[in-house]
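Visitor: would you be able to build a 3D model of this:
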Amino acid sequence: MTVKPLDATSTIAAQDFAEAHRRLLADRSIQFDLPRSDPAELPAWLVDFVTAIWPLLKVTFLIALAGAALYFLYLIARRAMGAKWPWDRKPAEDEAEAWRPGEAPARQLLGEADALAAAGLYSEAAHLLLFRSIEDIDARRPDLVRPALTSRDIAALPAIPDRPRSAFLMIAMLVERSLFAARPLAAADWRDCRAAYEEFAFADGWRG
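Guide: Sure thing, here's the model as predicted:
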């Protein structure tokens, strides 16, 4: 392939381009180079402070990491025993657990009821559980329980979640039978009543 030499017109055009380029570079109103800025240095006091607390930060991080690992192992152990993962709990279960009484008061109540049952006063023991359960409901929702309501009416209130309602209804039915049928509760009735309260009141009853 033969390259033709530039003619006069092309030579003039190249010279004109070079001159235009020179004038462009000489124009101070046009900025070709971006200004450089050095990164700001941290204050000396901040550097000294971070350096001083760095060992503490490392220890804190390791403690937090160990705590997270132990908590995860705890969740795995509970899962192995049948408990649900915390994130698997349904909103309805969360709402129901908010109604669960404290373990210490619940055990004290069962102790008092067991003392009555040990004396053969099964109806009185069941009535004690019912009365205290109504007190618990009234403490959580003071506007919910009215004097005119029967125990069955209370159990039917829509504001009470299903799990506490089931336990309360079992106790209420047994107590009403002893009161209105004039038939004292037997030991087997008391065991059913106690089991219903235990299933709701204690954490073991929430597994599965």
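
Visitor: just the C-alphas of stretch 138-156, formatted as CSV.
Guide: The C-alpha trace of stretch 138-156 is given here as CSV (Å, rounded to 0.1, in the frame of the first residue of the first chain):
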residue,chain,number,x,y,z
ASP,A,138,-57.6,-8.2,86.1
ALA,A,139,-54.1,-7.1,86.9
ARG,A,140,-53.1,-7.3,83.2
ARG,A,141,-56.4,-5.8,81.9
PRO,A,142,-58.2,-3.8,84.6
ASP,A,143,-60.9,-2.8,82.2
LEU,A,144,-61.6,-6.4,81.1
VAL,A,145,-63.2,-8.2,84.1
ARG,A,146,-66.5,-6.8,85.3
PRO,A,147,-68.3,-8.0,88.5
ALA,A,148,-71.2,-9.3,86.6
LEU,A,149,-69.2,-11.7,84.5
THR,A,150,-69.1,-15.4,85.3
SER,A,151,-65.9,-17.4,85.0
ARG,A,152,-67.2,-18.8,81.6
ASP,A,153,-67.9,-15.3,80.5
ILE,A,154,-64.4,-14.3,81.3
ALA,A,155,-63.0,-17.4,79.4
ALA,A,156,-65.0,-16.3,76.4
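
Visitor: neighbouring contacts of it?
Guide: Counting contacts by CB atoms under 8 Å, 6 or more residues apart in numbering, the residues outside stretch 138-156 that touch it are 98-99, 130, 134, 137, 157, 159-160, 165, 168-169, 172-173, 175-176. For every residue, glycine as well, the C-beta is placed using N, CA and C.

Visitor: rerun that using 10 Å as the cut-off
Guide: Outside of stretch 138-156, the residues within contact range by CB atoms under 10 Å, 6 or more residues apart in numbering are 98-99, 101, 130-131, 133-135, 137, 157, 159-160, 164-173, 175-176, 179.

Visitor: for that stretch, buried residues please.
Guide: Of the residues in stretch 138-156, 145, 151, 154, 155 count as buried by neighbour count, 16 or more other CB atoms under 10 Å.

Visitor: for the helix or strand containing residue 104, give the mean pLDDT please.
Guide: Taking DSSP states H and E as the criterion, the element that holds residue 104 is helix 103-118. Regarding helix 103-118, the rounded mean pLDDT is 91.

Visitor: next secondary structure element downstream of it?
Guide: Next in sequence after helix 103-118, counting helices and strands by DSSP H and E, comes helix 122-140.

Visitor: quick check: mean pLDDT of that next one?
Guide: Across helix 122-140, pLDDT averages out at 87.

Visitor: relative orientation of it and helix 103-118 in degrees?
Guide: Interaxial angle, helix 122-140 versus helix 103-118 (axes from the mean of the first three to the mean of the last three CA atoms, to 10 degrees): 160 degrees.
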